[in-house]
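Peer 1: just coords:
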């Protein structure tokens, strides 16, 4: 029989969530342009857009940045996180920058 917490996506005995999360990306006109996929493991977060893997982040580093971005950037592989004017942005390959929807930021903050 499976541990109930494992079925919910939590690591048994830790309360730390593991699993997949999809975040809505918005352009400058606030149109949804796609989904950023995140796979949470106990110590890392793998991020992809479509079929392209963009980055593998240290989970604790992402957690600290999301909680206290302070206008800094978090750049890992082909992904750059930034905070501007009270919003969280993601740049894919340093080319295009997209805003995370408010609901996506709340979800990410809750699980990271």
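Peer 2: That came through, no problem. Source: prediction; values computed, not measured. Numbers count the residues shown, from 1 in each chain.

Peer 1: from now on I want contacts and neighbour counts done on CA atoms only, so please keep to that.
Peer 2: Noted.

Peer 1: gap between residue 34 and residue 72?
Peer 2: Shown here: residue 34 relative to residue 72, a distance of 24 Å by CA to CA, to the nearest Å.

Peer 1: actually residue 30, not the one I wrote
Peer 2: Distance, residue 30 to residue 72, using CA to CA: 23 Å.

Peer 1: then residue 19?
Peer 2: 27 Å.

Peer 1: the two: who's more crowded?
Peer 2: Using other CA atoms under 10 Å, the more surrounded residue of residue 19 and residue 72 is residue 19, with 16 against 12.

Peer 1: partner residues bridging the more buried one?
Peer 2: Beta-bridge partners recorded for residue 19 (DSSP bridges): residue 40.

Peer 1: quick check, pLDDT for it.
Peer 2: With respect to pLDDT, residue 19 has a value of 95.

Peer 1: can you check the one 10 residues further on too?
Peer 2: The score at residue 29 is 93. That number is its pLDDT.

Peer 1: and for residue 72?
Peer 2: On the pLDDT scale, residue 72 gets 83.

Peer 1: what's the closest non-adjacent residue to it?
Peer 2: Nearest-residue entry for residue 72: residue 82, 6.2 Å, with adjacent residues in sequence omitted and distances by CA to CA, 6 or more residues apart in numbering.
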